[in-house]
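J.: coords please:
(4 chains)
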4 protein chains.
Amino acid sequence: MTDPAAVRRDLAAQSIDTPSWAYGNSGTRFKVFGQAGVPRDPWEKIADAAVVHRLTGAAPTVSLHIPWDRVDDYAELAKYAAEQGVGVGAINANVFQDDDYKLGSVTNPDSRVRRKAVDALLACVDVMDATGSRDLKLWFADGTNYPGQDSMRARQDRLTEALREVYARLSGDQRFLLEYKLFEPAFYHSDVPDWGTSYAHCLELGPRATVCIDTGHHAPGTNIEFIVAFLVRAGRLGAFDFNSRFYADDDLMVGAADPFQLFRIMNEIVEAGVHTPDSGIAFMLDQCHNIEAKIPAIIRSVMNVQEATAKALLLDRDALAAARAAGDVLGANEVLMDAYATDVRPLLRLVREEQGLDPDPLRAYHRSGHQERIEAERVGGTQAGWGA
Amino acid sequence: MTDPAAVRRDLAAQSIDTPSWAYGNSGTRFKVFGQAGVPRDPWEKIADAAVVHRLTGAAPTVSLHIPWDRVDDYAELAKYAAEQGVGVGAINANVFQDDDYKLGSVTNPDSRVRRKAVDALLACVDVMDATGSRDLKLWFADGTNYPGQDSMRARQDRLTEALREVYARLSGDQRFLLEYKLFEPAFYHSDVPDWGTSYAHCLELGPRATVCIDTGHHAPGTNIEFIVAFLVRAGRLGAFDFNSRFYADDDLMVGAADPFQLFRIMNEIVEAGVHTPDSGIAFMLDQCHNIEAKIPAIIRSVMNVQEATAKALLLDRDALAAARAAGDVLGANEVLMDAYATDVRPLLRLVREEQGLDPDPLRAYHRSGHQERIEAERVGGTQAGWGA
Amino acid sequence: MTDPAAVRRDLAAQSIDTPSWAYGNSGTRFKVFGQAGVPRDPWEKIADAAVVHRLTGAAPTVSLHIPWDRVDDYAELAKYAAEQGVGVGAINANVFQDDDYKLGSVTNPDSRVRRKAVDALLACVDVMDATGSRDLKLWFADGTNYPGQDSMRARQDRLTEALREVYARLSGDQRFLLEYKLFEPAFYHSDVPDWGTSYAHCLELGPRATVCIDTGHHAPGTNIEFIVAFLVRAGRLGAFDFNSRFYADDDLMVGAADPFQLFRIMNEIVEAGVHTPDSGIAFMLDQCHNIEAKIPAIIRSVMNVQEATAKALLLDRDALAAARAAGDVLGANEVLMDAYATDVRPLLRLVREEQGLDPDPLRAYHRSGHQERIEAERVGGTQAGWGA
Amino acid sequence: MTDPAAVRRDLAAQSIDTPSWAYGNSGTRFKVFGQAGVPRDPWEKIADAAVVHRLTGAAPTVSLHIPWDRVDDYAELAKYAAEQGVGVGAINANVFQDDDYKLGSVTNPDSRVRRKAVDALLACVDVMDATGSRDLKLWFADGTNYPGQDSMRARQDRLTEALREVYARLSGDQRFLLEYKLFEPAFYHSDVPDWGTSYAHCLELGPRATVCIDTGHHAPGTNIEFIVAFLVRAGRLGAFDFNSRFYADDDLMVGAADPFQLFRIMNEIVEAGVHTPDSGIAFMLDQCHNIEAKIPAIIRSVMNVQEATAKALLLDRDALAAARAAGDVLGANEVLMDAYATDVRPLLRLVREEQGLDPDPLRAYHRSGHQERIEAERVGGTQAGWGA
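T.: Numbers count the residues shown, from 1 in each chain, chains lettered A, B, ... in the order given. Got it, this is the predicted structure:
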């Protein structure tokens, strides 16, 4: 049986990283719809992230994206974040928006471009040094659009070379997270298309290299929780980029498209006992709130992860183990479904109250006046978005 | 047996529409990479389209996109096109890039926005009147991102109402083409997600309403040529938007991802005898040349459609019919594969020479100096793209 | 706000049909694993179905499959069913297991085979006459495995002809349900692959012809609830074949793979007010319990549909309508998710108690001794399965 | 430029393994359609395989499936094969058709079943010792159908333990091939679902363990040639199971569904120079000829692989390298497509004639009288199929 106090303690300790770019504008290739009050610089993004943490108690760090969050003095930015009550999460390296990267960054056939890309990655480690961030998150838009366009094999060689150089630059407790993605923006092949590719590179590099699972980056039908279980077993799951999708990389709110899948993922995490921050796994959001209000959407996403975790923590693992050992297919499934069917919203309200928080973060946000304030104050300038 | 002269005649008569926007810049949500020499206005787009037609002899019309191709005087634009040797193809209505359309255009819950959207569609019919264009192509970005966001059923009612009003506005030989798309930019549901929805609306509206098949707009595993065969049989196939894809709506060059599929599609067209312009089916390209040279990519795409058609025309239909009647699975497949395996490039070179064209349009383009000319001349101003 | 008494009344009235074949053995092409106590004839299948109804109060009919359920006297079988407390649901026509059907049944290139197939369908109407069954469920395995194998267009002609003849044979309140399926056992094309094809044929035939949605028969990414909403709006949704799937037509217990999807489907049903038996929509299971205990799996499936329905009934539709009208994306989604998050198991226990049933049908089954009884009694003979 | 003599030499040397079970009956879960003349035992399967080799000159080995090909004396079977002119290819271990394996074989929660399964695998190595076969092909049907049913992590532990024991039993040049499969017959999770899982286990085991790619075993959208390139680069590509599919694991003739994909795969093989038998990569067919004539279908499949290989060998790699180095997207793609567009059937006829073979193996088969002979002789007894 589960221990109610331990469940509440684990839920209170849960930490979900929010990404700076989710507070800015985003959209599809067809249109970016702007929203009133959107931040115009990294400082304002951090201010919004701090609001999410103050209301949920569960979002203590904010990830940055370089160059979208470029500032002159990163130490000062980190200091500001600390004053606001949040830490700096992962540094996300962006090597896909310069004209030079049209045919790839670290896998580009042109060695000059590769050098430029690697330098950009190394500069991200400088940001880590300045901010105290532990994690360098690497996602490459690299790939090709047409069969024959480039040698997939040669590109793996170039990727290996670049990763080695960056890996060698890490120090202290720094590590890197290698993200994979099936497609987009590359439409024929991606250089790191799946977890197997990411894992293989991590194995070659060493223990500081781990895999980042973006829940929206898989082929249809992929069993994500299997990958979670496999990588946890292998000691190579570094992070999640949480979001949800019905079709491709839709970047909807995590838990919005398939809450049962999110529960199954968190259940593998809880079953392996790696749900708390000391596991070293970073639980991050990576979403686009194209048409819905941004801060409320992020609060909601944090709550969705909490609810999935709560259900997993309530699962009767003794009963599950017994049913599994007996080969009782329906019985084992029933134990799982019983946990999933439980309404954990009251439990989470209680956990929040025990933390001195409002039990309903969304209503608290709407009452807080923050939205009205930023809509009034953030006038003029250029709203932050993917391009800036 | 096939009649070689008839095959060459049909190939010479083939007509493939190219879209004005394919000559402009395009990209993904991550980045639009500009290219030198890209048109800055509709006139320059038409000039490029005319080059493609002069070299291939098979691209006599260019489709416009409103408002991307907004001009003061559409009759003048049509006159310019005629002087350049091309006609105006379909008018593509764009009701997805105004801030008002965040939650939909003709299906928006707000009646004011619906009115605005319908007016925009009606204005496209004005453009048709002015340019002599026959086809109004309707693709709606409408849909929702989250379950519950809006009533799918109510949105069908609104869609029906809007379509009726636009349909009633058509006159002469005008008709409309209703395009469907599984997803993007809507990520939970699209209001016209599949051919069945489009077909059902067309049936209700009347004979001027036909379905447009965009080859990149289907769920994985969809047999597109079945849809082609079904709609031709029902007399409701109005047009193709040709492109190709490996994953989602990648908008790669038609025939680049799955040339066998393109052949199978054209084979259904040829088997039904509707491959020539008098069939009323519009064969249009709808592609994005994000990283490859644009005009050569469009020439190449036209050639790919020609090659698929040539193979279909060479298929031994008597032998096929005999094998089918005998229930000879392998034999029937072999007849089809023999046509597909044929290298039709020599035949198409001959067809072009008979038309007085260079047998190799791509080399002819590179020799023509057009690319150097536009790169030198089209300096300054704003390159055309999806946003303008 | 929802009316608790009305909710309980609607739940008590809910009717879910169970299929005779789900009580027999099933498997994959790799292996059929037999289970002890499995019925050896239609009488024993009906006896099991009656047990499910006695325990759940929600499964008052059992569907038959001809020829799997062939008996000499169908009226007697119906009488036996009535004595057991259940009615005869749909008659499922099987025209795919005779050697003659290798290249198709009603679409076979050989007219002799087509005649045989149509006669088999007409014989099913005789069974309907004898049993009082209202619905003829037509699923065709017809299609081709290789491109070119047969004319997809000619096969539509043959299909049309066959459907017309069968349709003309219907009388009284008889109707037919035309099921579609993307693939399997046909691997290149299916003659009725999607809802659009089924719907188009039904429109041509007349009002007695309606579409049957098997929840496992779609391409990846298909929004099934959209199809539900569309067909209900068009008055052509005849039935569901419920099951669930992660990949292809896995035929797992409904609600097992994606309970949120099941809820969204039932939500469209409830929103349209067609969740009760008088709507004329047949809610049927169509599942394979390959490795799990069969009767408990069916009980569980009935309960899963009940739970999804209960959540939909509890949804605050006034709040939903208000949020939708206001364009409040997050608010509308939240109303939906609040209903989904509700633990409706206590409510359903209450509904059962009000019906004089055990609140926990699964425990009641295990206590009932039925399983031990059938395992002891059903020894010898040939267990029923897909082949017999 | 390519060297014509070298191309013909490589084509003449090409070796494609055919599987014993493809000569027997197969089908779907819905129906197995028998065919006249089908073998009744392993000896007759080998006789058919020898016919394929005599006609194509390219199918010198036949793979066995244990227990489907169980005989008393395997050395005698190998001797018979040699007399017929073919060798014994891989030994395929079948641990999925015993009732004990309902919940898995080597990953079963019951240690007794695991022991039985491992013993069955070890017995396959005995067969290898007796026949001189080099390769043990391991495909596991193991997995679960319902979330929660068993611990995915514990099953990996059990898998690891079993693989280690079998690996330790290998001697001489023996090795094993670990195949992966996304789904079927397991419908929730498979224990070896993707190449990453297979590769990770191979890395742990040692150099004798390599990955087998079945071209039908991937999620929709998977770029198979990327996996080929990656595994060749890593030195861990052991074998192909060739077939083709439109949807799931359709097991159609290789090259039938997507001949361009087959070409791209063989192009990666040729680009890496591992297309000849000395590469150690086994090129095997693994297909089901459910409705088409079996021996002709296998001949056709061999020819399809030859044609794809011929196109890849003709590709102008210098021009490709130049275009790639120049970042010429269209140019590089054009070089590839030019090779693909080439009609290589005349070249292959020439290669066959140089080998003293009939240039048209299919016509030669039909003239040979073999089919009439086996249909007349193989009467009575039980036709071989998946179950026996």
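J.: skipping adjacent residues, who's closest to A:Gln156 in space?
T.: Once flanking residues are discounted, A:Gln156 sits nearest to D:Arg233: 5.8 Å by CB to CB, 6 or more residues apart in numbering or on different chains. For every residue, glycine as well, the C-beta is placed using N, CA and C.
J.: show me where the stretch 201-350 of chain A has its strands.
T.: Using DSSP state E, counting those that start in this stretch, the strands of the stretch 201-350 of chain A run over residues A:209-214, A:237-242, A:282-285.
J.: write out the residues of the stretch 151-300 of chain A neighbouring chain B.
T.: By CB under 8 Å from any CB of the partner chain, the residues of the stretch 151-300 of chain A that approach chain B are A:182-185, A:187-188, A:220, A:245-248, A:250, A:252-253, A:256-257, A:290-292.
J.: highest mean neighbour count out of the strands of the stretch 201-350 of chain A?
T.: Ranked by mean neighbour count, the strands of the stretch 201-350 of chain A are led by strand A:237-242 with a mean of 27 (mean count of other CB atoms under 10 Å in any protein chain shown).
J.: what pairs with it, parallel or antiparallel?
T.: Here strand A:237-242 is paired, per DSSP bridges, with strand A:209-214 (parallel), strand A:282-285 (parallel).
J.: do whichever strand or helix holds A:Ile91 and chain B meet at all?
T.: Using DSSP states H and E, A:Ile91 sits within strand A:87-93. No. Applying CB under 8 Å from any CB, one finds strand A:87-93 out of contact with chain B, separated by at least 13.1 Å.
J.: in what helix or strand does the nearest residue to A:Val118 once chain neighbours are set aside lie?
T.: Nearest non-adjacent residue to A:Val118, counting by CB to CB, 6+ apart: A:Ala162, 5.1 Å away. Using DSSP H and E, A:Ala162 falls within helix A:152-169.
J.: quick one: mean pLDDT over that helix.
T.: Averaged across helix A:152-169, the pLDDT comes to 98.
J.: let me have the strands paired with strand A:237-242 in a markdown table, extended by mean pLDDT.
T.: Shown next, in a markdown table, are the strands paired with strand A:237-242 (pLDDT from 0 to 100):
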| stretch | mean pLDDT |
| --- | --- |
| strand A:209-214 | 98 |
| strand A:282-285 | 98 |
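J.: now do the helices in the stretch 1-150 of chain A.
T.: Assigned by DSSP state H, counting those that start in this stretch, the helices in the stretch 1-150 of chain A fall at A:4-13, A:42-56, A:74-84, A:111-131.
J.: and A:Gly57, backbone torsions?
T.: Taking degrees, to the nearest 10, you get phi 70, psi 10 for the backbone angles of A:Gly57.
J.: which residue does the stretch 151-300 of chain A have closest to chain D?
T.: A:Gly196 (2.3 Å; CB to the nearest CB).
J.: distance of the closest residue to A:Met253 other than its chain neighbours relative to chain D?
T.: Distances taken as CB to CB, 6+ apart place A:Ser301 nearest to A:Met253, at 4.7 Å, with adjacent residues excluded. Distance of A:Ser301 to chain D, computed by CB to the nearest CB, to the nearest Å: 23 Å.
J.: pretty sure A:Ser301 is touching A:Phe242, no?
T.: Yes. If you go by CB atoms under 8 Å, A:Ser301 and A:Phe242 touch, sitting 7.1 Å apart.
J.: what residues are shared contacts of these two?
T.: Residues touching both A:Ser301 and A:Phe242 (CB atoms under 8 Å, 6 or more residues apart in numbering or on different chains): A:Val254, A:Leu285, A:Gln287.
J.: and the last one, what's its pLDDT?
T.: In this model, A:Gln287 is scored at 97, pLDDT.
J.: excluding its backbone neighbours, what's nearest it?
T.: Nearest to A:Gln287 is A:Asn243, by CB to CB, 6+ apart, at 4.5 Å.
J.: quick one: residues contacting that neighbour.
T.: Per CB under 8 Å, 6+ apart, neighbours of A:Asn243: A:214-216, A:249-254, A:285-288.
J.: quick one: it and A:Ala22, what's the gap?
T.: The gap separating A:Asn243 from A:Ala22 is 9 Å, by CB to CB, to the nearest Å.
J.: which residues do the two both contact?
T.: A:Leu285, A:Asp286, A:Gln287, A:Cys288.
J.: so who does A:Ile281 touch?
T.: Counted by CB under 8 Å, 6+ apart, A:Ile281 has contacts A:Val232, A:Leu237, A:Gly238, A:Ala239, A:Phe240, A:Ile269, A:Val274.
J.: in the stretch 1-150 of chain A, which ranges drop under the pLDDT threshold?
T.: A:1 (pLDDT under 70).
J.: show me which residues of it sit near chain B.
T.: Checking the stretch 1-150 of chain A against chain B by CB under 8 Å from any CB, the hits are A:26-31, A:33-34, A:96-97, A:99, A:101-103, A:141, A:145-147.
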